[in-house]
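Engineer: model the structure of this input:
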Amino acid sequence: METALHNALMKVQKPGRYIGGELNSVQKVLPVDVRFAMCFPDSYEVGMSHLGIKILYSMLNAQDFVWCERCFAPMPDMETELRESGRRLFALESLDELCVFDFVGFSLQYELCYTNVLNMLDMGGIPVYAAERTDEHPIIIGGGPCACNPEPVADFFDLFVLGEGEEVTLELVCLYRDMKKSGAGREAFLKVAANIEGVYVPSLYEVSYTEEGLISSVCPKENVTVNVKKRIIADMDSVHYPSSIIVPFIDIVHDRVVAEIFRGCSRSCRFCQAGFIYRPVREKSAGVVNGQARALCESTGYDEISLSSLSTADHSELNEMLNSLMDWTEQKKVNLSLPSLRVDSVDDELLRRIQSVRAAGLTFAPEAGTARLRDVINKNLTEQEILETCSAAFKSGHMNVKLYFMLGLPTETDEDVLGIARLAQAAVDEFYANPDKPKGKSPQVSVSVSTFIPKPFTPFQWEGQPDIAEIKRRQALLISAVRSRKIRLSWSDPYTSVLEAAFARGDRRLSAVIHTAWKAGCVFDGWGEMFKPGVWQDAFAEHGLSEQLYAARERETDEILPWAHLDYGIDSEFLKCERSRAYEAEPTVDCRQNCAGCGITKAFGGQYCAKN
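Structural biologist: Numbers count the residues shown, from 1 in each chain. Prediction:
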């Protein structure tokens, strides 16, 4: 390790974020045909918890001709040391600077990570604007849920992967290897790559605007598809999944084995972007999940497994899966965690089985405080179901229950806001209504209230978000209504939510705003203590734009949306119909019971339908 890096590590709070060398990290002998830096634009502790990074890292390194390494956003203390010493940002495995790699890929999980992307590129010796890069620079790739509307950061990326990345990423590196050997440059590679399903090259599309600032057209400049279609994995049992994962030297946010059990969701909650962009539902069989989980525990020594999906209890083989897992996890004292539980999918037997292996708190998401508003968002939960589930959780020995809600949903009234406090208190009362409650113990009901963010590819993509003053008023109303010390209330920062909504529905003009804010010192915008709302407001004003233009404005259903040329398989007419049903508080049934005609089956050749 060279002197500059050694000296920097001696001065930072957590050197373990930057040294690499962890158990199961991959070392290869250079040269290899393709070098890939897998970047996560947040701290090591957050990025190392992300399942997608683990899958792609393992998949790429399984290829002899590729070496995939990791890089995370340096915390401010490390950034200061690196910039003062003149040392560029590096990947953990080789300690080589980012600028020497063939690919630098970013997982875009959260809109407020965008300034970290620019900071990492700059610190790695790479021009932040794609137009300024030459054949000597890496290809910059973006993927993840934010890629469903990549337009606010389109000027910074060479290409985006839409949808699931395993197959398309491997196709990209194979294409690059072949074209690199033939002497082809960046521009030639991007034009060919744009013809791979799931690959979007923003520089090959031109966006025009009306005098009012609305999008008038999005047109291909080259011979590429007008609508870029997302990629999906057809067979979850056969797709690559790691048999070992890296074990960090320091604590991370989710320090455990993650067993993915299925992708997609059939519930059609109208606010939920993940429920639409990850369609269709594709399960892993119980035996495959069991084998993958056991292999990961044996190769890492972890004593906790989290079953990963959007709604864990919806897996059609859940009981069989739990049986096979508990055959060995109970004996080995391995904790089994089932996050993402829906209230109406939980019964006494499931709660008992969860409790049998080291109890932890349970999390449920009613999302709205009244039955009317839950019907609006298609949550399809009654108050009785919610309270019965809380009661069953308390009776099974769980003392902590966390409830997730949203504030500012379409059609929300003050009665709906106050309903959150009433429902939380009713959950507390369920504990005390139990004649067999444990003596000397009291429950804790944690209520987390986030602000509604209108997201692309949902029925609420046209909705406006309440302005900051109204968000603050509703938060104050809720705070005043919570009077029990058994209820712990938390809420999101209003301006953070407005900025997130602006980026979620933004267009390419926001690239300039993001660049200006970054140059003025904005990084780690999702971290409350580092967020600089005044700098962001100045950045918008400097470019003649407004956060409210993107966040609060209700859009016409015939307006051309910034992501209209990207195809996630969801029919726009279906989304419009669902929006109309929302305003009538009409529920849409689970598509495992009856196909609602969302378009995903038609989009992918008729090979998918949950009811089959």
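
Engineer: burial count for residue 198?
Structural biologist: A count of neighbours around residue 198, defined by other C-beta atoms under 10 Å, yields 22. Placement of C-beta: from N, CA and C, glycine included.

Engineer: distance check, it against residue 119.
Structural biologist: Going from residue 198 to residue 119 by C-beta to C-beta, to the nearest Å gives 27 Å.

Engineer: what of residue 193?
Structural biologist: Applying C-beta to C-beta, the value for residue 193 to residue 119 is 26 Å.

Engineer: and these two? which has more neighbours close in?
Structural biologist: Each of residue 193 and residue 119 has its neighbours counted (other C-beta under 10 Å); residue 193 has more, 23 against 20.

Engineer: next, the contact list for that one, please.
Structural biologist: When contacts are counted by C-beta atoms under 8 Å, 6 or more residues apart in numbering, residue 193 is found next to 159, 172, 175, 199, 201.

Engineer: okay, strands next: where are they in the stretch 151-300 of the chain?
Structural biologist: For the stretch 151-300 of the chain, the strands defined by DSSP state E, counting those that start in this stretch cover 159-161, 199-200, 205-209, 215-220, 228-229, 257-260, 262-263, 282-283.

Engineer: quick check: which of these is nearest to residue 297?
Structural biologist: Smallest distance to residue 297 across the strands of the stretch 151-300 of the chain (C-beta to C-beta): 5.6 Å, for strand 257-260.

Engineer: and that closest one, what does it pack onto?
Structural biologist: Here strand 257-260 touches helix 51-61, helix 286-300, strand 304-308, going by 3 or more C-beta pairs under 8 Å, 6 or more residues apart in numbering; DSSP states H and E.

Engineer: any idea which of these scores lowest on pLDDT?
Structural biologist: Mean pLDDT is lowest for strand 304-308 among the helices and strands packed on strand 257-260, at a mean of 93.

Engineer: could you point out where the stretch 251-400 of the chain is predicted with low confidence?
Structural biologist: The stretch 251-400 of the chain contains residues with pLDDT under 70 at 340-361.

Engineer: what residue in the protein is the furthest from its centre?
Structural biologist: Counting by C-alpha atoms, centre = their mean, the extreme residue of the chain relative to its mean C-alpha position is residue 435, 41.8 Å from that point.

Engineer: which residues touch that one?
Structural biologist: Shown in contact with residue 435 (C-beta under 8 Å, 6+ apart): no residues.

Engineer: that's a helix at it, yeah?
Structural biologist: No: counting by DSSP: H, G, I helix; E, B strand; the rest coil, residue 435 falls outside a helix, being coil.

Engineer: start the count at 5 instead of 1 going forward.
Structural biologist: Done: numbering now begins at 5, and the last item shifts to residue 439.

Engineer: same for the helix or strand where residue 75 lies, what does it pack against?
Structural biologist: Element membership of residue 75, judged by DSSP states H and E, is strand 70-76. Applying 3+ C-beta pairs under 8 Å, 6+ apart, we find strand 70-76 packed against strand 38-44, helix 48-51, helix 55-65.

Engineer: contacting residues around it?
Structural biologist: If you take C-beta under 8 Å, 6+ apart as the criterion, strand 70-76 is touched by 21, 24, 29-30, 32, 34, 36-44, 46-48, 51-52, 57, 60-61, 64-65, 93-98, 100, 102, 105, 108, 124, 128, 177.

Engineer: which of these are buried? Put it as a ChimeraX command.
Structural biologist: In ChimeraX, a selection of the buried entries from the contacts of strand 70-76 looks like this (16 or more other C-beta atoms under 10 Å):
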select :21,24,29,30,32,36,37,38,39,40,41,42,43,44,46,47,48,51,52,57,60,61,64,65,93,94,95,96,97,98,102,105,108,124,128,177
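
Engineer: nearest residue to the middle of the chain?
Structural biologist: Nearest to the mean C-alpha position of the chain, by C-alpha atoms, centre = their mean, lies residue 113 at 4.0 Å.

Engineer: now that residue: closest residue in space, sequence neighbours ignored.
Structural biologist: Nearest residue to residue 113, sequence neighbours excluded (C-beta to C-beta, 6 or more residues apart in numbering): residue 148, at 5.2 Å.

Engineer: residues in contact with that neighbour?
Structural biologist: Neighbours of residue 148 in contact, by C-beta under 8 Å, 6+ apart: 56, 110-113.

Engineer: quick one: which of these sit in helices?
Structural biologist: residue 56 (DSSP state H).

Engineer: which of the contacts of residue 148 lies closest to residue 224?
Structural biologist: Nearest to residue 224, judged by C-beta to C-beta, of the contacts of residue 148 is residue 112 at 22.9 Å.

Engineer: which residues touch the closest one?
Structural biologist: Contacts for residue 112 (C-beta under 8 Å, 6+ apart) come out as 45, 118, 121, 146-151, 154, 157.

Engineer: dump those residues into JSON lines; add pLDDT as well.
Structural biologist: JSON lines is the format used below for the contacts of residue 112 (pLDDT from 0 to 100):
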{"residue": "45", "pLDDT": "98"}
{"residue": "118", "pLDDT": "98"}
{"residue": "121", "pLDDT": "98"}
{"residue": "146", "pLDDT": "98"}
{"residue": "147", "pLDDT": "98"}
{"residue": "148", "pLDDT": "97"}
{"residue": "149", "pLDDT": "97"}
{"residue": "150", "pLDDT": "97"}
{"residue": "151", "pLDDT": "97"}
{"residue": "154", "pLDDT": "98"}
{"residue": "157", "pLDDT": "98"}
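
Engineer: mind putting these into JSON lines with secondary structure and distance to residue 240?
Structural biologist: Output for those, formatted as JSON lines (DSSP: H, G, I helix; E, B strand; the rest coil; distance: C-beta to C-beta, whole Å):
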{"residue": "45", "secondary structure": "coil", "distance to residue 240": "27"}
{"residue": "118", "secondary structure": "helix", "distance to residue 240": "31"}
{"residue": "121", "secondary structure": "helix", "distance to residue 240": "30"}
{"residue": "146", "secondary structure": "strand", "distance to residue 240": "24"}
{"residue": "147", "secondary structure": "strand", "distance to residue 240": "18"}
{"residue": "148", "secondary structure": "coil", "distance to residue 240": "19"}
{"residue": "149", "secondary structure": "helix", "distance to residue 240": "18"}
{"residue": "150", "secondary structure": "helix", "distance to residue 240": "23"}
{"residue": "151", "secondary structure": "helix", "distance to residue 240": "21"}
{"residue": "154", "secondary structure": "coil", "distance to residue 240": "25"}
{"residue": "157", "secondary structure": "helix", "distance to residue 240": "30"}
